[in-house]
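Chemist: heads up, no residue letters with this:
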């Protein structure tokens, strides 16, 4: 367990360091965040035509209210925690990759729901927006990570079966 925890911290530190590199931010993080904004607007447009996105900003065209999706709000940090845990867990790489892909979509789907709800809460009440943004959704995203990780572990074959499979191949 200590070995898992130490590797988990090292992998997280490495991924968070990579995320902060200017080249990574410019080539991956910012375009990804803009894409998340576009997807959020696409969903909103299904029932509300008064929204547009510019870069990482969602704006209501009637009220002028806008939200900007910044670092920490794009789901990347939550994904880093989940991916770190999956990478250091002792199982086959194929199973790790499957968990990371499913986890990515689950986290980002919830994050898009988060962005949309915050967009509407902010138009209604700024104090509740701040509270929901800083406390409610932050907790729900981290709970999502924990649930996905625990679900993934439960879907894995037992470690004794995996070690037998490794010797057979």
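Modeler: Thanks, I have the structure now. These numbers were taken from a predicted model, which means no experiment stands behind them.

Chemist: when you work out contacts or count neighbours from here on, use the C-alpha atoms and nothing else.
Modeler: OK.

Chemist: how far away is the residue positioned nearest the centre of the chain from residue 50?
Modeler: Centroid check for the chain by C-alpha atoms, centre = their mean gives residue 75 as the closest residue, at 3.0 Å. Note on residue 75: its distance to residue 50, by C-alpha to C-alpha, to the nearest Å, is 25 Å.

Chemist: phi first, then psi, for the residue nearest to the centre of the chain.
Modeler: phi 90, psi -10 (degrees, to the nearest 10).

Chemist: how far does the helix or strand residue 148 falls within sit from its chain's centre?
Modeler: Using DSSP states H and E, residue 148 sits in helix 137-155. Helix 137-155 has its C-alpha centroid displaced from the chain centroid by 11 Å (C-alpha atoms, centre = their mean, to the nearest Å).

Chemist: residue 134: neighbour count?
Modeler: 11 (other C-alpha atoms under 10 Å).

Chemist: now residue 15
Modeler: Neighbour count of residue 15, defined by other C-alpha under 10 Å: 16.

Chemist: element containing the residue lying closest to it once chain neighbours are set aside?
Modeler: Once flanking residues are discounted, residue 15 sits nearest to residue 80: 6.5 Å by C-alpha to C-alpha, 6 or more residues apart in numbering. Assigned by DSSP H and E, residue 80 belongs to helix 76-88.
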